[in-house]
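Participant: prediction below, plus the sequence it came from.
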Amino acid sequence: MKYLTMIFISLFIFAPNKLFAGWLDNLFGSKYYYNVLFYTPANKEIFLGTAKTVSDCQTMAFREADYKKMPADYMCCKTDGKSFCISKHR
């Protein structure tokens with residue numbers, strides 16, 4: 001158990017933050033969601049909807065990019081239901 005804990009802690013310390021984006025979102029019953037914003041090459045912003053986790057937001061954006069045959073330029077805006085964008089994530 002001691003080694004498993006050390007591995008887990010080491011991953012979070014030494015691995016890039018994007019690798020673990022959204023891992024702990026629902027662990028403690030998070031009340032936050034993510035508004036998914038997609039950007040076209042003409043820099044038009046399209047609201048795709050709301051996702052439960054950063055990973056879900058990323059998936060929605062990549063599916064939209066694949067469907068529209070364009071680069072996946074997106075932003076995940078953390079929301080508490082009162083504010084549209086508390087913080088931005090990718």
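Facilitator: Sure thing, it's come through.

Participant: and Tyr67, how many neighbours?
Facilitator: Applying other C-beta atoms under 10 Å, we find 8 residues neighbouring Tyr67. Heads up, the C-betas are built off the backbone N, CA and C, glycines and all.

Participant: could you point out which element follows whichever strand or helix holds it?
Facilitator: Per DSSP states H and E: Tyr67 is located in helix 54-68. Using DSSP H and E, the helix or strand that follows helix 54-68 in sequence is strand 73-79.

Participant: packing partners for that next one?
Facilitator: strand 33-39, helix 54-68, strand 87-89 (3 or more C-beta pairs under 8 Å, 6 or more residues apart in numbering; DSSP states H and E).

Participant: out of those, which is closest to Glu45?
Facilitator: strand 33-39 (5.6 Å; C-beta to C-beta).

Participant: so what are the sheet partners of that closest one and their directions?
Facilitator: In the sheet, strand 33-39 lines up against strand 45-51 (antiparallel), strand 73-79 (antiparallel) (DSSP bridges).

Participant: what's the most buried one of those?
Facilitator: Counting by mean count of other C-beta atoms under 10 Å, strand 73-79 has the highest mean neighbour count of the strands paired with strand 33-39, with a mean of 19.

Participant: compute the inter-axis angle for it and helix 54-68.
Facilitator: Orientation of strand 73-79 against helix 54-68 (axes from the mean of the first three to the mean of the last three C-alpha atoms, to 10 degrees) gives an angle of 150 degrees.

Participant: can you show me the CA trace of strand 73-79 as PDB?
Facilitator: Provided in PDB are the C-alpha atoms of strand 73-79 (Å, rounded to 0.1, in the frame of the first residue of the first chain):
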ATOM      1  CA  ASP A  73      -9.700  24.800 -30.800                       C
ATOM      2  CA  TYR A  74     -11.700  24.900 -27.600                       C
ATOM      3  CA  MET A  75     -12.100  26.100 -24.000                       C
ATOM      4  CA  CYS A  76     -13.600  24.500 -21.000                       C
ATOM      5  CA  CYS A  77     -15.100  27.100 -18.700                       C
ATOM      6  CA  LYS A  78     -15.700  25.900 -15.100                       C
ATOM      7  CA  THR A  79     -19.100  27.000 -13.900                       C
END
